[in-house]
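Visitor: The sequence and its predicted three-dimensional model are supplied below.
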Amino acid sequence: MGLNQFGIRARITVGLAAILLLAVLSAANSLYQNISVKYEAGEVATSWIPAIENLGHMKASLAEHYLAANEHISGQGGDTAGFQKKVQTLEASLAQATEVYAATLLTYSEENAVQGNAEKALYADYQAKRDSYFQATKVSLQALDSAAGADDQLGLARQAYATQGPAAFRQAYAAMEAILQFNLKGTSEAATAVAAKVNAVENTMLAALLVSLVVGIGLIWLIPRSVIEPVQQAVAVAQSIAQGDLSRRIQVRGKDELGQLLASLVSMQTNLSQVVSQVRSGSESVATASAEIAQGNHDLSARTEQQASALEETAASMEELGSTVRQN
């Protein structure tokens, strides 16, 4: 079924609607992809990067806590009151940073639940090892206070701390480093996902632009062609009829307005051909009658001439007869 089966108005309307639909779909897809990119970028900006920054504060607080405890237990620190105040400040800062980080663990959705469970497992491991370090430090500090300056008791307390404290700290610090590496990897993957989505958006927009161009160019070529060709044919037929040529063949294709125009021209050409045929037939009849009349006139003229000749002969005979009578 060709385009000529549809009206000109319908063709133009469908063509414009198709181009408009492609534009709307392209814009909607770009909007959807941009929302996805915005979400991924937001995850990087509001979740991964703050988590990494917060982990830096946690590591710094834990390291300062270890250094302060190590100096105090080894006897290189300052007064006890200053040490306790510093340790309390560090522990409060670490607890606050830990709470902030723990809140980010609740941002996982069902789609990335595996990733969330992995981070929660790392966080639980860190909590256990951090508590072990705090417990080892607390026991050593209590033993140090109980020694009350006795060198042998101080030596035992310091030896116990040296046996357990640094190892517990390294484990807690390593657990925190594992969480940091997990977040760095997640940030890298999220950034890669954002870049991939941006590329996908660009490719989709280019594809939509290409489709729009192909469809638009096709409609620009098809619709005018479906209108111009019948118009040109109608013009040619009208010119032929104006020049008296009624033999031109007219091909009617389609049922649109131009198809109806060509059908009307066919009807007009047929009717004109019939009229011309009738006029020609009448002219031939008139010509035949005229020829017959002329022949009759010719015959009448010949007979008239014959009658005149006969009258002349009769008149001559009468004169001879009169002459003969006079002589007799």
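Guide: It's in.
Visitor: okay, now residue 137: neighbour count?
Guide: Using other C-beta atoms under 10 Å, residue 137 has 23 neighbouring residues. The C-beta positions use only the backbone N, C-alpha and C, and glycine is treated the same way.
Visitor: Quick one, grab the pLDDT at it.
Guide: Looking at residue 137, its pLDDT reads 85.
Visitor: I'd guessed it sits against residue 161; true?
Guide: Yes. In this structure, residue 137 is within contact of residue 161 by C-beta atoms under 8 Å, at 7.3 Å.
Visitor: Report pLDDT for residue 105.
Guide: We have a pLDDT of 69 for residue 105.
Visitor: do the same with residue 177
Guide: According to the model, residue 177 carries a pLDDT of 91.
Visitor: so how many other residues sit close to it?
Guide: Residues near residue 177, counting by other C-beta under 10 Å: 14.
Visitor: Could you tell me which residues make contact with it?
Guide: residue 59 (C-beta atoms under 8 Å, 6 or more residues apart in numbering).
Visitor: any idea how far it lies from residue 62?
Guide: Counting by C-beta to C-beta, to the nearest Å, the gap from residue 177 to residue 62 is 11 Å.
Visitor: Helices of the stretch 1-150 of the chain, start to end?
Guide: 8-43, 49-73, 80-104, 113-147 (DSSP state H, counting those that start in this stretch).
Visitor: and the third one, which residues are buried?
Guide: For helix 80-104, burial by neighbour count (16 or more other C-beta atoms under 10 Å) applies to 83, 86, 87, 90, 93, 94, 97, 98, 101, 104.
Visitor: Hmm, the third one is touching residue 70, no?
Guide: Pointing back at residue 87 there. No. With contact defined as C-beta under 8 Å, residue 87 does not reach residue 70; the gap is 11.6 Å.
Visitor: quick revisit: CSV for the helices of the stretch 1-150 of the chain, including distance to residue 308?
Guide: Formatted as CSV, these follow (distance: least, C-beta to C-beta, whole Å):
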stretch, distance to residue 308
helix 8-43, 79
helix 49-73, 138
helix 80-104, 142
helix 113-147, 136
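Visitor: got the contact list for stretch 29-39?
Guide: Contacts of stretch 29-39 (C-beta under 8 Å, 6+ apart): 194, 197, 198, 200, 201, 204, 205, 208.
Visitor: among the residues you listed, which ones are buried?
Guide: Buried, going by 16+ other C-beta under 10 Å: 194, 197, 198, 201, 208, out of those.
Visitor: quick revisit: tell me which of the buried residues of helix 80-104 is nearest to residue 123?
Guide: Here the nearest of the buried residues of helix 80-104 to residue 123, counting by C-beta to C-beta, is residue 101; it sits at 7.6 Å.
Visitor: who's in contact with the closest one?
Guide: 51, 54, 55, 58, 123 are the contacts of residue 101 under C-beta under 8 Å, 6+ apart.
Visitor: between the contacts of stretch 29-39, which is closest to residue 22?
Guide: For the contacts of stretch 29-39, the nearest to residue 22 is residue 208 (6.9 Å; C-beta to C-beta).
Visitor: what about that closest one, distance to residue 198?
Guide: Counting by C-beta to C-beta - residue 208 and residue 198 are separated by 16 Å.
Visitor: For the residue nearest to residue 100 when sequence neighbours are not counted, list the residues it contacts.
Guide: Excluding the flanking residues, the one nearest residue 100 by C-beta to C-beta, 6 or more residues apart in numbering is residue 54, at 5.2 Å. Residue 54 sits next to 97, 100, 101, 104 when contact means C-beta under 8 Å, 6+ apart.
Visitor: Try it again at 6 Å.
Guide: 97, 100, 101 (C-beta atoms under 6 Å, 6 or more residues apart in numbering).
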